[in-house]
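A.B. asks: Okay, sequence plus prediction incoming.
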Amino acid sequence: MLRALIVAPAWIGDTVMAQPLFMRLLEKTPSLQLDALAPRWVAPALQRMPEIAQMEKKAVNRPVSDLSPNEDPAIERLPKPDRVKTALGTAYMGITCSNCGSDKVIRAGACGVCTQCGTSQGCS
Ligand SMILES: [Zn+2]
């Protein structure tokens, strides 16, 4: 038997809109068993979908209000443009783009991506 795990979105609306996808998957592959992993506030919607065989409620996605505040309270007191600049300052990799020479290269998985021209860095 084929099994697939649905990692549900953090929002009820997105979860409800995903149901036609689940129906389509089962229509194409009738032997497929769909299980779901969902935040506790989304799980009741999935539990009522006949397409979902098993449910596990996990706090895989947390609402912004649950996220821990910034570790440095001084950063919280900065005006928004300065907070953005501080966040971006730690995002840049400290290398220059091989295509355009910009130093605005951010980490994207194991590689870097130039925010100016979009060229991938250090993966090929
Ligand atoms: Zn570039």
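C.D. replies: Yep, that arrived.
A.B. asks: What residues does this structure have near the ion?
C.D. replies: Counting by Cβ under 5 Å from the ion, the residues of the chain lying close to the ion are 97, 99, 100, 102, 114, 116, 117, 119. C-beta: built from backbone N, CA, C; applies to glycine.
A.B. asks: Reformat those as CSV; add distance to residue 44 and secondary structure.
C.D. replies: Formatted as CSV, the residues of the chain next to the ion follow (distance: Cβ to Cβ, whole Å; DSSP: H, G, I helix; E, B strand; the rest coil):
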residue, distance to residue 44, secondary structure
97, 47, coil
99, 49, coil
100, 49, coil
102, 47, coil
114, 44, strand
116, 45, coil
117, 46, coil
119, 45, coil
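A.B. asks: filter those to the buried ones?
C.D. replies: The neighbour-count test (16 or more other Cβ atoms under 10 Å) applied to the residues of the chain next to the ion identifies 97, 114 as buried.
A.B. asks: Redo the residues of the chain next to the ion as JSON lines? Include distance to residue 10 and pLDDT.
C.D. replies: Below are these laid out as JSON lines (distance: Cβ to Cβ, whole Å; pLDDT from 0 to 100):
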{"residue": "97", "distance to residue 10": "34", "pLDDT": "91"}
{"residue": "99", "distance to residue 10": "36", "pLDDT": "93"}
{"residue": "100", "distance to residue 10": "36", "pLDDT": "95"}
{"residue": "102", "distance to residue 10": "34", "pLDDT": "91"}
{"residue": "114", "distance to residue 10": "30", "pLDDT": "85"}
{"residue": "116", "distance to residue 10": "31", "pLDDT": "87"}
{"residue": "117", "distance to residue 10": "33", "pLDDT": "90"}
{"residue": "119", "distance to residue 10": "32", "pLDDT": "88"}
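A.B. asks: Show me which of the residues of the chain next to the ion is closest to residue 45.
C.D. replies: Set against residue 45, the nearest of those by Cβ to Cβ is residue 114 (40.2 Å).
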